[in-house]
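Undergrad: Pasting the sequence and the predicted coordinates here, then a few questions.
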Amino acid sequence: MHEDGSIEVGEPDAESLEKIAETIIEGKDEIAVPEELLAEPLAPKAGENLLLRLRAMSVGERVKLALRGPKEVRTLLLRDANRLVRKFVLQNPTISDQEIIAIAKNRSADEELLRAIGSNREWLKNYQVRLSLVTNPKTPLQIALRHLGSLADRDLGLLAKSKNVSSAVSSQARRLLFQRRAVR
């Protein structure tokens, strides 16, 4: 990355992307993206061939849109080939709890996104986020088990019988449910 915020041709490394993101967050970048792609809601014309437009953009431009773009853009960038672009979507200040729940439920979401959601205290205050993380088979086992105890008995019962989660999660759900019923 150059001092003026522009990037070199080719794929920048993780450190360069972190610096780009930092300058975007500080508002000191000079990366130009079409203004209609930053508007919330997205202008109808801007949505035409949005995926093609995003694919044609540089990584720096996609990082800027991940950090500043509206929901439609964020949704597409969650499937970006660059894992760091996907990660920066979670740092967008306008991302909603509903979007976080959708990501946590998404069985094709990558482990790094699920890990980031599972370590954000603010998002974990939402019961649906915790439930979505625990029920997603791609959630790292440590994170799923950590939040299992905060779930309601009804959900633990469903998890105990579920074939869609790891055996460790279902057996721990059975144990917790048994312990809770024994105490009552």
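TA: Looks like it arrived, so ask away.
Undergrad: Please report how far the residue lying closest to S150 once chain neighbours are set aside lies from R62.
TA: Spatially, and ignoring its direct neighbours in sequence, S150 is nearest to R130 (5.6 Å; Cβ to Cβ, 6 or more residues apart in numbering). In short, each C-beta sits where N, CA and C put it, glycine included. Going from R130 to R62 by Cβ to Cβ, to the nearest Å gives 30 Å.
Undergrad: longest helix in this structure, by residue count?
TA: helix 167-183 (DSSP state H).
Undergrad: Out of the helices and strands in this protein, which is least certain?
TA: When each helix and strand of the chain is scored by mean pLDDT, DSSP states H and E, helix 44-47 comes last, with a mean of 56.
Undergrad: Restrict whichever helix or strand comes after that one to CA atoms and write it as CSV.
TA: For helix 44-47, the following helix or strand on the C-terminal side (DSSP states H and E) is helix 50-56. Below are the C-alpha coordinates for helix 50-56, written out as CSV (Å, rounded to 0.1, in the frame of the first residue of the first chain):
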residue,chain,number,x,y,z
LEU,A,50,-23.8,-5.7,-8.3
LEU,A,51,-21.9,-9.0,-8.0
LEU,A,52,-20.1,-8.3,-11.3
ARG,A,53,-19.2,-4.8,-10.1
LEU,A,54,-17.8,-6.1,-6.9
ARG,A,55,-15.8,-8.8,-8.6
ALA,A,56,-14.2,-6.1,-10.9
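Undergrad: Tell me where the model's unsure across this protein.
TA: 1-11, 40-48, 184 (pLDDT under 70).
Undergrad: Quick check: nearest residue in space to L17, chain neighbours excluded?
TA: Distance criterion Cβ to Cβ, 6+ apart; nearest residue to L17, sequence neighbours excluded, is L84 at 4.7 Å.
Undergrad: check contacts around that neighbour.
TA: Taking Cβ atoms under 8 Å, 6 or more residues apart in numbering, we find L84 in contact with 14, 17-18, 63.
Undergrad: So which of these belong to strands?
TA: Judged by DSSP state E, strands contain none of the contacts of L84.
Undergrad: List just the nearest of these to A160.
TA: Closest to A160 out of those is A14 (39.9 Å), distances taken as Cβ to Cβ.
Undergrad: Next one: that closest one from N82, what distance?
TA: Distance from A14 to N82, by Cβ to Cβ: 10 Å.
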